[in-house]
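here is my input; please provide its structure:
(one chain, ligands or ions: 2)
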Amino acid sequence: MDLDATLDAVLSTALDAAIAMREDGSIAAWNHVAEDVFGWSFDEVRGRNLGQVIIPPELRQGHHKGLERYLRTGVARALGKQMEVDAMDRSGRRFRAELSTTELRHGGERLFVGFVRDISARKAAEEKIAEVTERLALAVRTHSIGIFDTDVETGGVYWNSELERIYGYGPGEFETHLDAWRRHVVSSDLARVEEQFGKVVAAGASELSYSYRMKRRDGEMRHIDASARFFYDDRGRNVRRVGVNIDVTDRKLAERRLSETQAELVHLSKLSSLGAMASSLSHELNQPLTAIANYVAAAKRLARDRGCSHSDPLVEALDRASAGTLRAGELIRRLRAISRNEPVQARQISLGPLVSETAALAIPDADTKGLALELAIEPDADEVCADPILLQQVIFNLLKNAAEAMDGSPGIISVRAAASAPNEVVVQVADTGPGLDESVAANLFAAFVSTKPDGMGVGLSICRSIIENDGGRIWAESTADGTTFSFTLRRHEESLDEPG
Ligand SMILES: Nc1ncnc2c1ncn2[C@@H]1O[C@H](COP(=O)(O)OP(=O)(O)OP(=O)(O)O)[C@@H](O)[C@H]1O
Ligand SMILES: [Mg+2]
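Ligands and ions are numbered 1, 2, ... in the order given. Just a heads-up that it's a prediction; the model follows:
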């Protein structure tokens, strides 16, 4: 066979573009793949200088020099090796190619055969993958994304080190089995999550987002947001589960704190509107209150002129009416002071008489309603340091709520007080009513929260601002047997309590 026929036979079977070049640089053979890759037919390039055909112009010089050097010295740079080069097709498109060359001798003639593979698509894909991987790694690191890959059949898992860190382990420390993960998950949450997995698999679905709580290695409870992809074999069995874990505990806490702050702000703004309301009310009410006080005083004079004695029930009633008017005026003034953050006028007072007097005002019809009032004030809790008008308002609101909760049915309302700390007394107002309604329990002390058709929902809000303004606390406990409101008071001015 002559050389051309041999070359044709060999090169035509090659899967890559195959080209043969003579010592003078001319093209001796060119297979079909080369025709496809470079866009030239063999007939068009036969005998032409290879460098001129497939090498980008700026690289041709190097190619010629290399060939010349090899022919002169016999030292090859490219021969017998695989290398990446830049090539060019008929349209001038440049592409990255993998080139391997070999030398052939036939008779006295020397030929160089090159196999060229266009790897531009593979290169681009590789670059893309490297870029995506880099970006992914960055995301995994900066957002602390834990990755798992579970073999569902065996329970074997792969964790990345970020996931190990989330669960409190160093790299390679977290046992690579699903059971190790199960032991960390709060058991009620584990049951729920595995039920969700079951549903996904039963439906043949491929994705799930879920969350659960887990106990980290150091015992701290953490909240995890997770999502997983489910893979099935050709018989439809779930064989693999791959997904991510993110520890959202800190975010959850921040959200909760934010919503608490918001609630607090809403509370404050309601309170300040309450303050504004109290201010304008006090202004509006001052005149009618003064008028009532004047009329009551006049009525008392008239009664006496008509011979009524001091102990006459009519005169007693009028006395109470004028005391009530005074208290109303005073209360409005003090609430206004609180809304302006002015200090309260606290002094030492005795709880017992104050509670009795307030109960008579708050539930005047206790007897007819079948309400029994019980007082249990321990001797060392009787003397407290408070603003009597404001404290009376607190007890008044709580007793009124208790009586309203009874809703006409008989029962017991008790007021207890006991010392709870060197400088603290806890006062409790308890009823045997139906307990707190679920709809108000969470925001009980917020303003305008009410279940009553004509309730303003400000009673407890006022109680809270009065008690907290004085450094105390107020809270409620409710069972099916009734509700107990508790609040704290100081027994004496703080300074008395200081050791000295
Ligand atoms: N002792 C109690 N037992 C059951 N529910 C109570 C009791 N005290 C308060 N509540 C509930 O808390 C809600 C808020 O009470 P709050 O005193 O702030 O407002 P209100 O009584 O509805 O209206 P008002 O502004 O006239 O006092 C009530 O509507 C009621 O649902
Ligand atoms: Mg009320």
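
so what's the residue of the chain found nearest ligand 2 scoring on pLDDT?
Going by C-beta to the ion, ligand 2 is nearest to G459 of the chain, at 2.8 Å. Where C-beta positions appear, they are placed from N, C-alpha and C, glycine not excepted. With respect to pLDDT, G459 scores 88.

how about the residues of this protein near ligand 1?
397, 401-402, 405, 431, 433, 436-437, 440, 444, 449-452, 455-461, 483 (C-beta under 6 Å from any ligand atom).

helices - which of those residues land there?
Mapping the residues of the chain next to ligand 1 onto helices (DSSP state H) picks out N397, N401, A402, A405, V440, G459, L460, S461.

ok, of those, which one's closest to G219?
Among these, V440 lies closest to G219 (C-beta to C-beta), at 36.2 Å.

residue contacts, that closest one?
V440 sits next to V449, S450, T451 when contact means C-beta atoms under 8 Å, 6 or more residues apart in numbering.

are any of the ones in helices among the residues of the chain next to ligand 1 buried, and which?
Buried by 16 or more other C-beta atoms under 10 Å: N397, N401, A402, A405, V440, G459, L460, S461, out of those.

ok, the second one - contacts?
For N401, the contacting residues are G459, L460, F485, by C-beta under 8 Å, 6+ apart.

and if we set it to 10 Å?
Neighbouring residues of N401 by C-beta atoms under 10 Å, 6 or more residues apart in numbering: A362, V429, D431, G433, K452, G455, G459, L460, C463, A476, T483, F485.

okay, and which of those map to strands?
With strands taken from DSSP state E, the overlap with those comprises V429, D431, A476, T483, F485.

just flag the most distant two among those residues.
Across the ones in strands among the contacts of N401 (C-beta to C-beta), the longest gap, 11.1 Å, separates D431 and A476.

flag every residue of the stretch 101-250 of the chain that's near ligand 2.
Residues of the stretch 101-250 of the chain lying close to ligand 2 by C-beta under 5 Å from the ion: none are found.

more neighbours, D431 and A476?
Using other C-beta atoms under 10 Å, the more surrounded residue of D431 and A476 is D431, with 25 against 19.

which residues touch the more buried one?
371, 398-399, 401-406, 411-414, 478, 481-485.

let's go with 7 Å and repeat that
For D431, the contact set (C-beta atoms under 7 Å, 6 or more residues apart in numbering) comprises A402, A405, M406, G411, I413, G482, T483.

most surrounded residue in those residues?
A402 (27 neighbours).

which one is that residue nearest to, not counting chain neighbours?
D431 (3.8 Å; C-beta to C-beta, 6 or more residues apart in numbering).

quickly list what the one you found is bridged to.
Beta-bridge pairing of D431 under DSSP bridges involves I413.

what's around the residue in the stretch 51-200 of the chain that ligand 1 sits nearest to, how many residues?
Residue of the stretch 51-200 of the chain nearest ligand 1, by C-beta to the nearest ligand atom: S188 (31.0 Å). When neighbours are defined as other C-beta under 10 Å, S188 has 10 of them.

spell out the secondary structure type for it.
Here S188 is helix, with the state taken from DSSP: H, G, I helix; E, B strand; the rest coil.

tell me the pLDDT at it?
At S188, pLDDT is 95.

what of A276?
pLDDT, read off for A276, is 63.

next one: G500
On the pLDDT scale, G500 gets 37.

spell out which parts of the stretch 351-500 of the chain neighbour ligand 2.
N401, G459.

any weak-confidence spans in the stretch 351-500 of the chain?
By pLDDT under 70, the weakly predicted segments of the stretch 351-500 of the chain are 495-500.

same thing but 80
Within the stretch 351-500 of the chain, the set of residues satisfying pLDDT under 80 comprises 447-448, 455-456, 494-500.

state the distance from D118 to V85.
11 Å (C-beta to C-beta, to the nearest Å).

where along the stretch 101-250 of the chain do the helices fall?
120-142, 161-166, 178-184, 187-203, 249-305 (DSSP state H, counting those that start in this stretch).

check which residues of the third one are buried.
Within helix 178-184, the residues that count as buried by 16+ other C-beta under 10 Å are L178, W181, H184.

hmm, the last one is touching Y167, no?
Just to be clear, that refers to H184. Yes: between H184 and Y167 there is a contact under C-beta atoms under 7 Å: 5.8 Å.

excluding its backbone neighbours, what's nearest the spatially most central residue of the chain?
Per C-alpha atoms, centre = their mean, the C-alpha nearest to the average position across the chain is that of K252, at 3.2 Å. Nearest non-adjacent residue to K252, counting by C-beta to C-beta, 6+ apart: H223, 5.2 Å away.

which ones are touching that neighbour?
If you count contacts by C-beta under 7 Å, 6+ apart, then H223 has S211, R213, V248, T249, K252 around it.

how much space separates it from V157?
Counting by C-beta to C-beta - H223 and V157 are separated by 21 Å.

what distance separates stretch 177-193 from the centre of its chain?
The chain centre lies 21 Å from the centre of stretch 177-193; the measure is C-alpha atoms, centre = their mean, to the nearest Å.

which residues sit in contact with the residue nearest to A226 when sequence neighbours are not counted?
Leaving aside its sequence neighbours, A226 sits nearest to N245 (C-beta to C-beta, 6+ apart; 4.9 Å). Going by C-beta under 7 Å, 6+ apart, N245 touches G146, F148, L163, I166, I224, A226.

can you tell me how far the closest residue to I377 other than its chain neighbours is from R490?
Nearest residue to I377, sequence neighbours excluded (C-beta to C-beta, 6+ apart): A417, at 4.4 Å. Distance of A417 to R490, computed by C-beta to C-beta: 13 Å.

next one: A226
50 Å.

redo the buried residues of helix 178-184 as CSV? Include pLDDT.
As requested, the buried residues of helix 178-184 are exported to CSV (pLDDT from 0 to 100):
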residue, pLDDT
L178, 96
W181, 97
H184, 97
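
for P56, give me the pLDDT.
P56 is given a pLDDT of 95.

go on, G107?
77.

JSON lines for the helices of the stretch 101-250 of the chain, including distance to G62?
Below are these laid out as JSON lines (distance: least, C-beta to C-beta, whole Å):
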{"stretch": "helix 120-142", "distance to G62": "20"}
{"stretch": "helix 161-166", "distance to G62": "46"}
{"stretch": "helix 178-184", "distance to G62": "58"}
{"stretch": "helix 187-203", "distance to G62": "60"}
{"stretch": "helix 249-305", "distance to G62": "58"}
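
measure how far whichever helix or strand M83 is part of is from the centre of its chain, please.
Secondary structure from DSSP states H and E places M83 in strand 82-88. Relative to its chain's centre, strand 82-88 lies at 53 Å (C-alpha atoms, centre = their mean).

other SSEs contacting it?
With contacts defined as 3 or more C-beta pairs under 7 Å, 6 or more residues apart in numbering; DSSP states H and E, the packing partners of strand 82-88 are strand 94-106.

hmm, back to that, out of the helices of the stretch 101-250 of the chain, which is the most enclosed?
helix 161-166 (a mean of 20; mean count of other C-beta atoms under 10 Å).

just the CA atoms of that helix, as PDB, please.
C-alpha atoms of helix 161-166 as PDB (Å, rounded to 0.1, in the frame of the first residue of the first chain):
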ATOM      1  CA  SER A 161     -18.100  19.700  58.400                       C
ATOM      2  CA  GLU A 162     -20.600  22.500  58.700                       C
ATOM      3  CA  LEU A 163     -23.300  20.100  59.600                       C
ATOM      4  CA  GLU A 164     -21.100  18.500  62.200                       C
ATOM      5  CA  ARG A 165     -20.400  21.900  63.600                       C
ATOM      6  CA  ILE A 166     -24.200  22.700  63.800                       C
END
